[in-house]
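1. Can you look at this prediction? I've put the sequence above it.
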Amino acid sequence: AQKVTQAQTEISVVEKEDVTLDCVYETRDTTYYLFWYKQPPSGELVFLIRRNSFDEQNEISGRYSWNFQKSTSSFNFTITASQVVDSAVYFCALSETGSGWSYQLTFGKGTKLSVIP
Amino acid sequence: NAGVTQTPKFQVLKTGQSMTLQCAQDMNHNSMYWYRQDPGMGLRLIYYSASEGTTDKGEVPNGYNVSRLNKREFSLRLESAAPSQTSVYFCASSYREGQPYEQYFGPGTRLTVT
């Protein structure tokens, strides 16, 4: 069963629009961690945020914000006033405890965001 | 401070050839990982090393072997390359102390098997 679902395969927005990338996860653990990564066209993976399951406060970092809702098993990512430099593939990932921390990340398939000038 | 480095950046192999992908990190991280990225598939874990001296299989280990040479270095070997192993390979490392921390990724190796 897919544990991290990013239903939006590709999104296109016009520069300065706001955009939300969806992430839905599945786990039986009560303690887990969620992550977002960015992969720009150059190919490297850039860490954006880590959030544990006990912290449901929304996070804001500049134009980026994250909405974590345990009730819907979602960890959505919003970019405000998008810019061309935001064009990238964005990955959501999950790390579960299971019988002990294995420190593995399970990635979603990614959402490709294109910001059109 | 180079972070995570990988060599080579590009490689073309013929079916049946072998090669080793090298990875090194200078962040004093305990854990290291090898992923492959295929179009539309996200990243899938091949092998990981939770700490020096240990290695474990991930989601897609068949056709690969790994060696954790020391705390800094973690290599991935393809003994007999197959076209299905055409992919981009990423090495990553992370701190490990009681909870999962973020992983830092190398620049990737683009491998083509003909």
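-> Thanks, I have the structure now.
2. For the closest residue to B:Asn70 other than its chain neighbours, I want the exact helix or strand it lies within.
-> Spatial nearest neighbour of B:Asn70, excluding adjacent residues (CB to CB, 6 or more residues apart in numbering or on different chains): B:Glu52 at 6.6 Å. Using the backbone N, CA and C atoms, a C-beta is placed for each residue, glycine as well. Applying DSSP states H and E as the criterion places B:Glu52 outside every helix and strand.
3. Same check on B:Ala92?
-> Assigned by DSSP H and E, B:Ala92 belongs to strand B:87-94.
4. strand partners of that strand, parallel vs antiparallel please.
-> Sheet pairing for strand B:87-94, assigned by DSSP bridges, gives strand B:31-38 (antiparallel), strand B:104-105 (antiparallel), strand B:109-113 (antiparallel).
5. how distant is it from the center of its chain?
-> 5 Å (CA atoms, centre = their mean, to the nearest Å).
6. what's the model's confidence in that strand, averaged?
-> The predicted model assigns strand B:87-94 a mean pLDDT of 96.
7. what sits up against it?
-> Strand B:87-94 has contacts (CB atoms under 8 Å, 6 or more residues apart in numbering or on different chains) with A:43, A:45, A:103, B:4, B:6, B:21, B:23, B:25, B:27, B:29-38, B:43, B:46, B:74, B:76, B:100-106, B:108-111.
8. The residue nearest to B:Lys57 when sequence neighbours are not counted and chain A, how far apart?
-> Counting by CB to CB, 6+ apart, B:Tyr47 is the residue found nearest to B:Lys57 once chain neighbours are left out, at 6.0 Å. Distance, B:Tyr47 to chain A, by CB to the nearest CB, to the nearest Å: 11 Å.
9. okay, now B:Tyr47: neighbour count?
-> Summarising burial for B:Tyr47: neighbours were counted as other CB atoms under 10 Å in any protein chain shown, giving 22.
10. Which positions in chain A make contact with chain B?
-> Counting by CB under 8 Å from any CB of the partner chain, the residues of chain A lying close to chain B are A:9, A:33, A:35, A:37, A:43-45, A:47, A:50, A:52, A:91, A:95, A:101-105, A:107-110.
11. Which of those residues fall in strands?
-> A:33, A:35, A:37, A:47, A:50, A:52, A:91, A:95, A:107 (DSSP state E).
12. Using PyMOL, define a selection of the buried residues within these.
-> Of these, the buried ones go into a single PyMOL selection, burial set by 16 or more other CB atoms under 10 Å in any protein chain shown:
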select buried, chain A and resi 33+35+37+47+50+91+95+107
